[in-house]
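Asks: how would this look folded up:
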Amino acid sequence: MTGEVRVQLVGDGVRKVGRLTLDAPKTLNSLTLDMVEVLAETLLSWRDDPCVAAVFIDGAGDKAFCAGGDVQALRNSSLATPGGPCEYAENFFAREYRMNYLLHTYPKPIVCWGHGVVMGGGLGILAGCSHRVVSERTRIGMPEITIALFPDVGGSWFLNRMPGQVGRFLALTAANINATDALFTGLGSHFLGADQREAVVNQLAAQAWSDDSDSNRKAVTDLLSALAPSAEQPAAQVEPVLSDINSLMAGDDLAVIVDRVENYSGENEWLQKAKAGLLHGSSLAACWIFRQLNETRDASLSEVFRSELRLGANVLRFPEFAEGVRALLVDKDRNPAWSFPDVRSVPEALIGQFFEEPEGAPVLELPE
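Replies: Take a look at the predicted model:
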């Protein structure tokens with residue numbers, strides 16, 4: 001094991017399956033810089049190795065695939081150099097986004113076992129893989145508004161590609177979704193029972209792989225599609241209220257959108273919980289989340305990650321993020337002292353500063 005990632009090759013044939021297991025169950029497999037580096041360098045090595053036909057990524061334990069990045073370490077970096085550059089945190093983002101981009105553009109099939117908690121950086125890994133398995137206990141979320149961050153790790157890409165206004169809704173409310181919702185929004189590609197993980201690994205290991213990546217991708221799709229789930233899918237939460245979501249999130253005026261959500265008086269419990277997520281989150285973060293999604297709607301994948309690094313570096317250099325992490329994860333008083341009481345109070349000029357190129361930020365070096 002290296003850097004809290006277990007690296008294995010499985011299979012008896014000439015062509016094998018590379019298995020990467022995030023192995024930090026005590027922190028719900030939260031990502032550290034070392035783990036990101038191991039993932040990226042191993043994936044690059046396997047990409048160019050003709051003896052590796054496919055990749056399988058999972059997380060140790062039964063609770064989580066990955067709960068995201070180590071935000072307390074990011075906060076410490078932010079506090080150490082107020083106003084930046086925040087060397088550790090900004091380099092973490094740069095290396096993480098490089099790894100995410102590699103997943104999205106990988107030529108070989110990658111199966112991600114998205115069981116349990118899948119949040120933040122964990123969702124970035126899941127979303128980048130060609131085959132995304134979710135289970136009866138999958139719980140997906142991008143809770144960044146609650147700590148004054150934004151849905152990064154490619155969130156600007158995959159949220160903008162969800163049905164209707166679902167991506168905007170999830171980004172602004174930090175609402176959790178389940179496996180059925182993941183399939184509907186495109187985050188998941190296959191549903192299987194949590195107890196089928198090793199059976200899938202064994203069948204992948206026994207596969208007669210070819211030297212053609214497209215054929216191997218189809219083989220993985222056929223294998224996963226042929227398996228009967230050992231568990232029942234949870235009830236859909238998103239699709240039944242899609243029209244409500246679209247109505248709440250319509251338009252280009254964030255203040256009007258927040259007013260609509262605040263005035264929502266329906267009886268749907270999931271929407272009511274989502275409402276609380278937006279109203280208790282950072283109004284400043286809501287503004288930069290809204291603008292980021294709007295500005296990247298037609299951006300290429302590489303442009304998305306570069307824009308996320310620019311915004312991320314600026315966010316780290318502003319005290320709102322450190323305060324959000326303090327309230328939620330350090331002191332746990334859940335009473336953050338946000339900079340602004342509502343989105344109408346946030347100066348437009350201040351929001352614009354978060355989208356300017358930050359001095360001294362790392363360069364995003366994307367793999368060729």
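
Asks: quick one: distance of the longest helix seen in the chain to the chain centre.
Replies: The helix that spans the most residues within the chain, counting by DSSP state H, is helix 87-104. The chain centre lies 12 Å from the centre of helix 87-104; the measure is C-alpha atoms, centre = their mean, to the nearest Å.

Asks: residue boundaries of the strands in the stretch 51-200 of the chain?
Replies: Remark: strands assigned in the stretch 51-200 of the chain by DSSP state E, counting those that start in this stretch are 52-59, 64-66, 110-114, 117-119, 131-134, 139-141, 190-191.

Asks: L39 and W157, how far apart?
Replies: 19 Å (C-beta to C-beta, to the nearest Å). Bear in mind the C-beta positions are built from the backbone N, C-alpha and C, glycine included.

Asks: hmm, I typed the wrong one, I wanted G61.
Replies: With C-beta to C-beta as the criterion, G61 and W157 are 28 Å apart.

Asks: quick one: which of those two has more around it?
Replies: When neighbours are counted by other C-beta atoms under 10 Å, G61 and W157 differ, and W157 comes out ahead with 23 against 17.

Asks: find the nearest non-adjacent residue to the more buried one, please.
Replies: V304 (4.6 Å; C-beta to C-beta, 6 or more residues apart in numbering).

Asks: ditto for F92
Replies: L33 (5.0 Å).

Asks: can you name the residues that contact C86?
Replies: When contacts are counted by C-beta atoms under 8 Å, 6 or more residues apart in numbering, C86 touches L74, S77, S78, A80, A313, L316, R317.

Asks: one more pass at 10 Å, please.
Replies: Contacts for C86 (C-beta atoms under 10 Å, 6 or more residues apart in numbering) come out as 74-80, 92-93, 312-313, 315-317, 321-322, 358, 360-361.

Asks: what does K218 give?
Replies: For K218, counting by C-beta under 10 Å, 6+ apart, the contacting residues are P109, S210, D212.

Asks: and these, which is closest to K332?
Replies: When these are compared for distance to K332 (C-beta to C-beta), P109 wins out at 41.0 Å.

Asks: what's the burial count for that closest one?
Replies: 25.

Asks: any idea how far L309 is from R317?
Replies: Counting by C-beta to C-beta - R317 and L309 are separated by 13 Å.
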